[in-house]
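>>> everything below, folded, please.
(one chain, ligands or ions: 1)
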Amino acid sequence: MRTDSPRFVFIVGGVLSGLGKGVVTASLARLVQDSGYRVTVIKIDPYVNVDAGTMRPTEHGEIFVTEDGGEIDQDFGTYERFLGINLSKDNNITTGKVFLRVIQKERSLEYGGRDVKLIPDVTNEIKQMILEASQDVDVSFVEVGGTTGDIENLIFLYALRDLMREYRATTVMVSYVPFLRNVGELKTKPTQHAVARLREAGLFPDFLVARSERGLDAPRIEKIASTCFIPRENIIDDPDIECVYEVPLIFERQGFAKKVLEKLGLKFKHGLSEEWKRFVEEIKSLDEKVRIALIGKYVTHGSSEHRDVYISVVEAIRHACYHLRLKPEIKQIFSRELEGRNDVASLEEFDGIVVPGGFGEKGVEGKIFSIKYCRENNVPFLGLCFGMQLAVVEYARNVCGLEGANSTEIDPNTPHPVVDILPEQKKLLKKKKYGATMRLGAYPAVLKKGSLVYELYGRKEVVYERHRHRYEVNPKYVEVLESDGLVFSGKSPDGKLMEFLEIPSHTFFLATQAHPEFKSRVLKPHPVFSGFVESCK
Ligand code: GLN
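Residues are numbered from 1 along each chain as shown. So this is what the prediction gives:
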């Protein structure tokens, strides 16, 4: 057994998905980080897709974008927000990525002609990928997506088991303890089964985080301890709460990080930062409200509500509000419902409007309607990616008088293609190259001195934001748009790509081709969002 770094914390889920395993992982990692250790987080997604870039947000939630251009699971947003660090796309390991590597090796005879097997070849590849992503850290957190017992994640559990033969590691299971209303009782049986399934795969949970609606009681803790062979003090109570940023505090009260560090042979040095504690206390006492509408497309799916598709935007608004001591009330509106109606009553109750990223024609006119409403009524507006493209369409049509102006994504035959596909993107699509081919990851923008955005970023001349799109403002229309009062206040260094726009005479009308929401942190709100919320107030 090695006694050096990295050490590992494996986080696996039992009973059902959607328990907030990502929040558990991020909260525990934050506590270990605040204790004085270098941490990283790796997420295993057991689907065969190589990355989440080609997945439907309705089913998969938000597609998060990393600094190095990965299109990955939204849990990475949670990790980055909690930990305040940038993670690489290599920290996301999918079945697709693993097999791509194994098959490429096999094709180039790297296995020397022998049989290539799930064990040890695929498990070795998984281990290798985990180790590559765990360099230069003290503790590496590995969260396994899905639920124990799924055949999809079994091979990953075997790989973790194998890693434990060499490295110091501890396993945390996040499970669910339902409350049955008709009998008035918390039920531990599903958790008992989940732990048993995990043991079949060779992993014994040292800790059990019990998610429940209203918290565990002593008899249930005893029951789980005695049936799952987990010490009573290692059963962590994790009831539903209003604000996820309180989870680290809940864990700290139960000494979770301290016990985990002890298991890893590390000393507990410091508790959760005072700054974080103060922040959570302050959130609880806010009463001045600010109402913000998010005009999107992915609002409901069947009978369920989509809480997650715009999660980074929602969290970025929240961070900004919290730091300005405002209580955010964010309402997601399905843009299609605004279409064909000329009444603005449904928008008037809001202090500001955000049009986030998006794809395709569904609900586009509703988004354009809401942008027009903001522009004409001096209501704060923030456009993100697609939101900026549609702001250009709206301005072209209604201010420049370019009738029928559109993005060629929506209307390929528009007489005024004010937003158009990049030539290199056109070639890729012809060859059906959809995966990981958009303009992705961090790009610089040169800001115009004296502009709103220049002031917001603290007078920085160059800023980096993350991108994910195929279309751009058409350079041919920049002159006419600018001559009618629109200002492109941020451009790519060669001046060809429009990265920020604003209307100087407006209270706050700002849009960007990038996704600044991906860089907002719990203790460090993003200046663009802070500026927007401030003007809403
Ligand atoms: N659909 C637009 C494009 O591909 C915008 C993408 C986005 O909002 N992320 O350019």
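>>> checking K460 next. Helix, strand or coil?
coil (DSSP: H, G, I helix; E, B strand; the rest coil).
>>> what does the stretch 301-450 of the chain have sitting close to the ligand?
In this structure, the stretch 301-450 of the chain approaches the ligand at residues G357, G358, F359, C385, F386, E409, judged by Cβ under 6 Å from any ligand atom. Just so you know, the C-beta spots here come from the backbone N, C-alpha and C atoms, and that holds for glycine as well.
>>> inside strands: which ones of these?
Using DSSP state E, no member of these falls within strands.
>>> now, of those residues, which are buried?
G357, G358, C385, F386, E409 (16 or more other Cβ atoms under 10 Å).
>>> got the contact list for the second one?
Contacts of G358 were listed using Cβ atoms under 8 Å, 6 or more residues apart in numbering, and they are G296, K297, K367, C385, F386, G387.
>>> can you check the last one too?
The contact partners of E409, by Cβ under 8 Å, 6+ apart, come to F359, G360, E361, Q389, V419, I421, R470, Y471.
>>> against L422, how distant is it?
Computed as Cβ to Cβ, to the nearest Å, the E409 to L422 distance reads 12 Å.
>>> just the endpoints, please. Distance across stretch 103-118?
12 Å (Cα to Cα, to the nearest Å).
>>> low pLDDT regions in the protein?
Along the chain, the parts satisfying pLDDT under 70 run over 300-306, 342.
>>> helix/strand/coil for the residue of it most remote from its centre?
Here the chain reaches farthest from its C-alpha mean at G113, the gap being 41.7 Å by Cα atoms, centre = their mean. Three-state call for G113 (three-state DSSP): coil.
>>> ditto for G435
coil.
>>> correct me, but it touches G53?
Yes: between G435 and G53 there is a contact under Cβ atoms under 8 Å: 5.7 Å.
>>> of the two, which one has the most company?
The residue with more neighbours, out of G435 and G53, is G53; 19 against 13, by other Cβ atoms under 10 Å.
>>> mind checking how far the nearest residue to the more buried one once chain neighbours are set aside is from the ligand?
The spatial neighbour of G53 that comes closest, neighbours along the chain excluded (Cβ to Cβ, 6 or more residues apart in numbering), is E71 at 3.3 Å. Distance from E71 to the ligand, counting by Cβ to the nearest ligand atom, to the nearest Å: 10 Å.
>>> quick revisit: go through the contacts of E409 and flag which are in strands.
The members of these that map onto strands under DSSP E are V419, I421, Y471.
>>> the first one: how many residues sit nearby?
Counted with other Cβ under 10 Å, residues neighbouring V419 total 28.
>>> next one: P493
Applying other Cβ under 10 Å, we find 11 residues neighbouring P493.
>>> pretty sure it is touching P444, no?
Yes: with contacts counted by Cβ under 8 Å, P493 reaches P444, the gap being 5.8 Å.
>>> distance from the chain centre to the helix or strand encompassing L131, please.
Assigned by DSSP states H and E, L131 belongs to helix 123-132. In this view, helix 123-132 has its centroid 24 Å away from the chain centroid, taken as Cα atoms, centre = their mean, to the nearest Å.
>>> same deal with stretch 96-115?
Offset of stretch 96-115 from its chain centre (Cα atoms, centre = their mean): 32 Å.
>>> contacts for that stretch, please.
Contacts of stretch 96-115 (Cβ under 8 Å, 6+ apart): Y47, V48, N49, V50, D51, V116, D121, V122, E125, I126, M129.
>>> repeat that with 10 Å
44-51, 89-90, 94, 116-118, 121-126, 128-129, 155-156, 159, 435 (Cβ atoms under 10 Å, 6 or more residues apart in numbering).
>>> cool, stretch 423-442 as well?
Residues from elsewhere that reach stretch 423-442, judged by Cβ under 10 Å, 6+ apart: 49-51, 53-54, 65-71, 86, 89, 96, 408, 420-422, 463-472, 497, 513-514, 518-519.
>>> from those, which land in strands?
65, 71, 420-421, 463-469, 471-472.
>>> returning to that earlier point: next, show the common contact partners of G435 and G53.
Contacts common to G435 and G53, judged by Cβ under 10 Å, 6+ apart, are E71.
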